[in-house]
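Peer 1: Provide a 3D model corresponding to the input given below.
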Amino acid sequence: MAAPGLAHLSDGVTVLVRNQGSDSVLFGVSAALVFQIFSATNSSPQTTEIFAKDRSATLMKWVRRGLWTSLAFMGVMAWRTKSLWPVFGGGAAGASMWWMYYIATRDGGGAKAKA
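Peer 2: Below you'll find the model as predicted:
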């Protein structure tokens, strides 16, 4: 017997059953994807704060690129699953990351951060 929310297919593959917790999985996967994209395109908010005075425009440029890349991946996930949960999870993570980098740029004495 499969665990709640899971189904065993005849070929031995186990899959999530629609509306049985799959929305929470989509939320988490999308959020993790955004955090990974930011890791690939940006340094840490702490490092951003250290260098903000001299390089705030460049640092925030990469934050914006991370957000656009994240939006593209979230869009594909939402389209393929016909669910908004990837947008909710990724959107929450993206907003959180933007906020951290904005605060780091502001507190580091850089020029006014661009959204």
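
Peer 1: How much space separates Tyr101 from Ile50?
Peer 2: Distance of Tyr101 to Ile50, given as CB to CB, to the nearest Å: 13 Å. Every C-beta, even on glycine, is put in place using the N, C-alpha and C of the backbone.

Peer 1: who's more crowded, those two?
Peer 2: Tyr101 (27 against 14; other CB atoms under 10 Å).

Peer 1: so who does that one touch?
Peer 2: Tyr101 makes contact with 42, 45, 48, 59-60, 63, 113 under the criterion CB atoms under 8 Å, 6 or more residues apart in numbering.

Peer 1: Let me know the helix or strand that it is in.
Peer 2: helix 85-107 (DSSP states H and E).

Peer 1: centre of the chain versus that helix, how much separation?
Peer 2: Taking the mean of its C-alpha atoms, helix 85-107 sits 8 Å from the chain's own mean (CA atoms, centre = their mean, to the nearest Å).

Peer 1: and the contacts of Tyr101, which are buried?
Peer 2: Applying 16 or more other CB atoms under 10 Å to the contacts of Tyr101, the neighbour count classes 42, 45, 48, 59-60, 63, 113 as buried.

Peer 1: Turn those residues into a markdown table, columns for secondary structure and distance to Val25.
Peer 2: Listed next are these as a markdown table, based on DSSP: H, G, I helix; E, B strand; the rest coil; distance: CB to CB, whole Å:
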| residue | secondary structure | distance to Val25 |
| --- | --- | --- |
| Asn42 | coil | 26 |
| Pro45 | helix | 28 |
| Thr48 | helix | 31 |
| Leu59 | helix | 33 |
| Met60 | helix | 32 |
| Val63 | helix | 27 |
| Ala113 | coil | 33 |
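
Peer 1: That'll do, ta.
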